[in-house]
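Visitor: everything below, folded, please.
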Amino acid sequence: MTARNDDATGEPIPARRRAVNLRSVLLGLVGVAFICGLTPYNDFVVNNTYLVGNFLPIGLLLFFLLVIMLVNAPLWRFAPRHALSSGELAVALGMTLVSCALPSSGLMRYLPAFLVGLQYHGIADAEFRRCISDLNLPAWIFPQFESPSDPVIQDYWGRVLPGEMIPWAAWVTPAIAWGILLAAMYGAVICISVIVRRQWVENERLPFPLASIYVSLVEEPQPGHGLNALFRSRGFWMALAAVFVMHSINALNLYWPKYVERIPLGFNMGAIFSEEPWRYTEWGFKSQTLYFSIIGITFFLQTKIAFSLWFFFIAVQVTRMLIVPQGWEITTGMQTDQLFGAVLVFAATVLWIGRNHWLLVMRHMLGRATADEPRGKYLPYSIAGWGLVGCWLAMAAWLVAAGASVAGAVVLVGMLMVLFMVIARVVAETGLIFVQFSLLPLWRPWTFLGTALPFGWRTTPQSFFYSAMFTGMLSHDMRETSSVYTTQSLKVADDTAYANDDSWRRSLAFVVALALALLTGYLISGASTLYVEYTHASTVDRLQATPINGYGVDAAPRYQVISPTRDYLSSAGGPNEAHSRLGHFTFGAALTAMLGVLRLRLAWWPLHPVGFLLVYSYPIMTIWFSIFVGWLAKVLIVKFGGIELFRAARNVFIGLIIGEAGTAAVWLVVSFVRLWLGLEYYSVRLLPG
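Guide: All right, here's what the predicted structure looks like:
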């Protein structure tokens, strides 16, 4: 092993270690345990600021900032040969990042809660109970219980009595059964992420703003320094400090409103916009909160994308002011069908743009690729391609074994994979930390096929039920989606651990580390979720809400699963909507296609289809104004300061992002400290969500 001398210390530094080694994997597993073990207690019992909550998880940032500042910085300064390299930190960060899809809204907030809630609600609601009974669902997807009044069900809603044991044994069978399905699903996500990596990273050069932030955190310092260039930047710390002070003053206002004046960070013009035609606009147009993290992320976006994100929202509000007074309206059903058409066309556009790369992958799968063609990074394309096919078939087979029809299973898995790919693409292009497609349920194709088309193709009750259940579990609340975390992790590894290495043989270990993180995270987050659910009847904050995770165990099973299933099984075949489903589907598809073509053909065209894709979503309604501020700041910086000022401002805008997320993490810790001291505390939620 060769060595070099550090310029400042003179201490020999050994040749670069492999990124995936014992200590990087152990650090990653510690991060996984921290996120997956603490999140259920923090989110559901303490009712605190979400530890994950979006695609820039504050729990992950808190963990790695502590590692970098308190452990790695002193090592780089005084014992550099023992410091963690950027590649090692990237491996640990990637493992922790993919596990963020497990402990809360990505999975565990809903999966065990649904299995209990679907049984609990049947006690008092005969129609609810009859609907579940008529489906004849297999027993192995549920925890083992004698009746809905069994303690396995009742104590999950309430809590086990003192001296009683948590019924772990009752959950072994469903943990294994659902674990098989989830292994296939996450395997498919990894395969998709490996397949699209070259097209998105090398061919299209998507910006991956969030990955750029993670890379800035784990970048190695110059010789003789403990911190890298970002953490030694004056602009970074000034921006971070300003954000911290403003948010902390407002947090102190919650505790001592008589002594600390609140700094307004937003506006509410509901009273001003109460007259015609302004009153027809949505609440997000009238009231906004300024998010510094969104302003910072917008700085890294292409100007056209940032412009499109806020422009389409304003355009919809203008449209509402024009048509609603005339007796027309834009209903939720209309928005759903427009989004349905838009998502399918957006996905088709992604496939069309990368058609040469997908053909390359297929040639590898069929053994017809030439020796000089790229073979894949992290996994050979042949293994990734056939792995995707195998995982897809495994998911479909699981659903068929659980009672779904073959067609129902294939359509459900296909829709889920389309949404996973689309949201990963959107975040890769925009860097938005909060994206949802909650208006588009996975069961919408069956409503559409059954009522909007002349042949009236209906699926089986079991197939529709699983479509509704998977909607509530995996696609309704996509703020913590595995495909986003996986693609971002691969991009971070690309820029650090494997920046100059295209051989899958050396990077395969990283995929294995991600798989190990998912397995470990599933076990820890599942056990942690069951523990807090069975030991806490209500939250420990001043609200004393009961049951804990009320939305997951109460509202979501009712309105995301049973209600649409009952509607579909009725004679109407789905929601009673007066609009033309086919017409609005065609409108959304045509507009997205037109925007995509114009963007590809005309370099000056200012609108990106992602603006329309997200226009009806809750996240855009929440953050459009912050996007506008970030867009305006970037335009002014480039116009008056040129490329030099743009580059100089980079660390300032990262400071805004880390400052807001870091401040949220600090006040999350404050809540825990006050809880342990027996004092009243407040949840200080600073990030959109």
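Visitor: which residues of the stretch 1-150 of the chain score low on pLDDT?
Guide: For the stretch 1-150 of the chain, applying pLDDT under 70 flags the ranges 1-16.
Visitor: swap the cut-off to 50 and go again
Guide: Scanning the stretch 1-150 of the chain for pLDDT under 50 picks out the ranges 1-5, 7-9, 12, 14.
Visitor: ditto for the stretch 151-300 of the chain
Guide: For the stretch 151-300 of the chain (pLDDT under 50), the answer is none.
Visitor: 90 - rerun?
Guide: Where the stretch 151-300 of the chain drops to pLDDT under 90, the residues are 157-164, 223-225, 270-271, 274-276.
Visitor: can you show me the helices along it?
Guide: 151-157, 172-197, 209-218, 234-255, 283-286, 292-298 (DSSP state H, counting those that start in this stretch).
Visitor: out of those helices, which one sits most buried?
Guide: helix 292-298 (a mean of 28; mean count of other CB atoms under 10 Å). C-betas here are computed from N, CA, C, even on glycine.
Visitor: how close does the closest residue in space to residue 52 that isn't next to it in sequence sit to residue 249?
Guide: Counting by CB to CB, 6 or more residues apart in numbering, residue 100 is the residue found nearest to residue 52 once chain neighbours are left out, at 4.6 Å. Going from residue 100 to residue 249 by CB to CB, to the nearest Å gives 30 Å.
Visitor: centroid residue for this structure?
Guide: residue 480 (2.7 Å; CA atoms, centre = their mean).
Visitor: the closest residue to it other than its chain neighbours - how many residues pack around it?
Guide: The spatial neighbour of residue 480 that comes closest, neighbours along the chain excluded (CB to CB, 6+ apart), is residue 106 at 3.6 Å. Neighbour count for residue 106, taken as other CB atoms under 10 Å: 25.
Visitor: what's the answer for residue 629, then?
Guide: 18.
Visitor: tally up the residues packed near the nearest residue to residue 144 once chain neighbours are set aside, please.
Guide: Once flanking residues are discounted, residue 144 sits nearest to residue 170: 4.4 Å by CB to CB, 6+ apart. Neighbour count of residue 170, defined by other CB under 10 Å: 19.
Visitor: how much space separates residue 58 from residue 48?
Guide: 11 Å.
Visitor: identify the contacts common to these two.
Guide: residue 668 (CB atoms under 8 Å, 6 or more residues apart in numbering).
Visitor: restricting to C-alpha, output the helix or strand where residue 310 lies in CSV.
Guide: According to DSSP states H and E, residue 310 maps onto helix 303-323. Provided in CSV are the C-alpha atoms of helix 303-323 (Å, rounded to 0.1, in the frame of the first residue of the first chain):
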residue,chain,number,x,y,z
THR,A,303,-34.5,28.6,-14.5
LYS,A,304,-37.2,27.2,-16.9
ILE,A,305,-38.2,24.5,-14.4
ALA,A,306,-38.3,26.9,-11.5
PHE,A,307,-40.4,29.3,-13.6
SER,A,308,-42.8,26.6,-14.6
LEU,A,309,-43.4,25.4,-11.1
TRP,A,310,-44.8,28.7,-9.9
PHE,A,311,-46.2,29.9,-13.2
PHE,A,312,-48.6,27.0,-13.7
PHE,A,313,-50.0,27.5,-10.2
ILE,A,314,-50.7,31.2,-10.9
ALA,A,315,-52.2,30.3,-14.2
VAL,A,316,-54.6,27.9,-12.6
GLN,A,317,-55.7,30.6,-10.1
VAL,A,318,-56.3,33.0,-12.9
THR,A,319,-58.3,30.3,-14.7
ARG,A,320,-60.4,29.8,-11.6
MET,A,321,-61.2,33.5,-11.4
LEU,A,322,-62.3,33.5,-15.0
ILE,A,323,-64.5,30.4,-15.1
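Visitor: if you count contacts, what does the helix or strand following it end up packed against?
Guide: Sequence-wise, the next helix or strand downstream of helix 303-323 (DSSP H and E) is helix 332-353. In terms of contact count using 3 or more CB pairs under 8 Å, 6 or more residues apart in numbering; DSSP states H and E, helix 332-353 is assigned the packing partners helix 406-430, helix 444-451, helix 581-601, helix 609-613.
Visitor: nearest to residue 655, of the ones you listed?
Guide: Minimum separation from residue 655 across the helices and strands packed on helix 332-353 (CB to CB) falls at helix 406-430, 20.3 Å.
Visitor: and the angle for the closest one with helix 303-323?
Guide: With axes from the mean of the first three to the mean of the last three CA atoms, to 10 degrees as the basis, helix 406-430 and helix 303-323 are set at 110 degrees to each other.
Visitor: any buried residues in helix 406-430, and which?
Guide: Within helix 406-430, the residues that count as buried by 16 or more other CB atoms under 10 Å are 408-413, 415-430.
Visitor: now find how far off-centre stretch 415-427 is within its chain.
Guide: Its chain's C-alpha centre and that of stretch 415-427 lie 11 Å apart, by CA atoms, centre = their mean, to the nearest Å.
Visitor: now swap in stretch 233-240 and tell me
Guide: 28 Å.
Visitor: same question for stretch 371-378.
Guide: Relative to its chain's centre, stretch 371-378 lies at 30 Å (CA atoms, centre = their mean).
Visitor: just to revisit the earlier point, weakest of the helices and strands packed on helix 332-353 in terms of mean pLDDT?
Guide: Ranked by mean pLDDT, the helices and strands packed on helix 332-353 end with helix 444-451 at the bottom, a mean of 83.
Visitor: how about the helix or strand that that one is followed by as PDB, C-alpha atoms only?
Guide: Under the assignment DSSP H and E, the closest C-terminal helix or strand after helix 444-451 is helix 461-470. C-alpha atoms of helix 461-470 as PDB (Å, rounded to 0.1, in the frame of the first residue of the first chain):
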ATOM      1  CA  PRO A 461     -63.200  -6.900  -5.900                       C
ATOM      2  CA  GLN A 462     -59.900  -8.200  -4.400                       C
ATOM      3  CA  SER A 463     -57.900  -6.600  -7.200                       C
ATOM      4  CA  PHE A 464     -59.500  -3.200  -6.600                       C
ATOM      5  CA  PHE A 465     -59.100  -3.600  -2.800                       C
ATOM      6  CA  TYR A 466     -55.400  -4.200  -3.100                       C
ATOM      7  CA  SER A 467     -55.100  -1.200  -5.500                       C
ATOM      8  CA  ALA A 468     -56.800   0.900  -2.800                       C
ATOM      9  CA  MET A 469     -54.700  -0.500   0.000                       C
ATOM     10  CA  PHE A 470     -51.500   0.100  -1.900                       C
END
